[in-house]
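*Asks:* Quick one, structure for this:
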Amino acid sequence: GKLGNVEFETDTHWRCRKIGSFNYRWKFLMTLPLDPTNDEDYGKDILQVSLWDRDILKSNDMISETRIDLNTHKLLKKAYFRKNKVSMKKLNEKKSPSDRFWLTCFHPQVKDKKGNPKPAGRIEMTVELLPKNMADKMDNGHGREAPNRFPLLPEPKGRFSFDLFHPWNTFKELVGPDNANKCLCWLCCICWTVIICYLG
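*Replies:* Modelled structure (predicted):
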């Protein structure tokens with residue numbers, strides 16, 4: 001995530017197949033009101049969120065991104081004048097306002113046949129703005145670090161785990177279900193070939 005010149009990352013969901021799970025908290029410091037004539041304030045009302053494929057042996061690849069205008073529904077103005085916590089609300093999948101919402105991400109260079117941006121993933125998130133004195137009283141850590149509160153962020157689901165007592169499941173997580181099944185087929189073929197050669 002990036003706001004102005006400040007960037008944060010989540011942890012990595014290794015071997016993610018379809019749905020990544022993070023439960024991660026980012027904390028950005030803002031000074032309101034923003035001055036549109038001040039170059040230092042340029043872009044500080046846009047929260048940019050991007051999805052990346054992390055690689056070990058080569059550079060990371062960006063999958064997609066989205067930009068959140070914090071001026072939506074005058075959110076920054078409300079936070080400044082109310083001196084209280086305000087939350088961004090969007091329509092959820094049930095078409096009702098919610099402070100927990102999904103955003104579609106796009107790759108800036110990937111287009112469909114009509115030249116429109118092609119969706120490449122979605123993220124679910126919440127956006128809150130708090131006065132600093134309130135944030136200091138509701139102290140919490142980045143990500144899931146201690147103190148993990150306001151709100152409590154549970155450990156993400158679906159992460160890779162090594163299980164000595166279930167080696168087949170661990171192997172499927174390492175190479176993927178399709179590759180694991182292919183390896184099993186090749187192993188069966190090799191075993192049958194060895195048996196036939198031995199008996200023949």
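
*Asks:* Please make it C-alpha for all contacts and neighbour counts, starting now.
*Replies:* OK.

*Asks:* What residues sit buried inside the lengthiest helix in the chain?
*Replies:* Identified as the longest helix of the chain according to DSSP state H is helix 177-199. Applying a neighbour-count criterion of 16 or more other CA atoms under 10 Å, the buried positions in helix 177-199 are Ala180.

*Asks:* Packing partners of it?
*Replies:* helix 167-175 (3 or more CA pairs under 8 Å, 6 or more residues apart in numbering; DSSP states H and E).

*Asks:* where does Leu76 land in three-state SS?
*Replies:* helix (DSSP: H, G, I helix; E, B strand; the rest coil).

*Asks:* Can you check the pLDDT for the closest residue to it other than its chain neighbours?
*Replies:* Once flanking residues are discounted, Leu76 sits nearest to Leu70: 6.4 Å by CA to CA, 6 or more residues apart in numbering. Leu70 is assigned 94 on the pLDDT scale.

*Asks:* what do you get for the one 3 residues further on?
*Replies:* If you check His73, the pLDDT there is 88.

*Asks:* Also Phe165?
*Replies:* 73.

*Asks:* what about it, neighbour count?
*Replies:* By other CA atoms under 10 Å, 8 other residues sit near Phe165.

*Asks:* gap between it and Gln48?
*Replies:* 42 Å (CA to CA, to the nearest Å).

*Asks:* what do you get for Asn23?
*Replies:* According to CA to CA, Asn23 stands 18 Å off from Gln48.

*Asks:* what element comes up after the longest strand seen in the chain heading to the C-terminus?
*Replies:* Longest strand in the chain, counting residues (DSSP state E): strand 101-111. Heading C-terminal from strand 101-111, the first helix or strand you meet, by DSSP states H and E, is strand 117-125.

*Asks:* hey, C-alpha coordinates of that following strand in PDB?
*Replies:* Only the C-alpha atoms of strand 117-125 are listed here, as PDB (Å, rounded to 0.1, in the frame of the first residue of the first chain):
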ATOM      1  CA  PRO A 117      -8.900  -2.600 -18.300                       C
ATOM      2  CA  LYS A 118      -9.100  -6.300 -17.500                       C
ATOM      3  CA  PRO A 119      -9.900  -7.300 -13.900                       C
ATOM      4  CA  ALA A 120      -7.100  -9.200 -12.300                       C
ATOM      5  CA  GLY A 121      -8.000  -9.900  -8.700                       C
ATOM      6  CA  ARG A 122     -10.100  -8.400  -5.900                       C
ATOM      7  CA  ILE A 123      -9.200  -7.300  -2.400                       C
ATOM      8  CA  GLU A 124     -11.400  -6.900   0.700                       C
ATOM      9  CA  MET A 125     -10.500  -4.100   3.100                       C
END
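
*Asks:* quick one: strands adjacent to that strand?
*Replies:* The strands beside strand 117-125 in its sheet (DSSP bridges) come out as strand 101-111 (antiparallel).

*Asks:* Show me what the strand it pairs with is in contact with.
*Replies:* Contacts to strand 101-111, defined as CA atoms under 8 Å, 6 or more residues apart in numbering, come from residues 50, 62-66, 89-92, 117-126.
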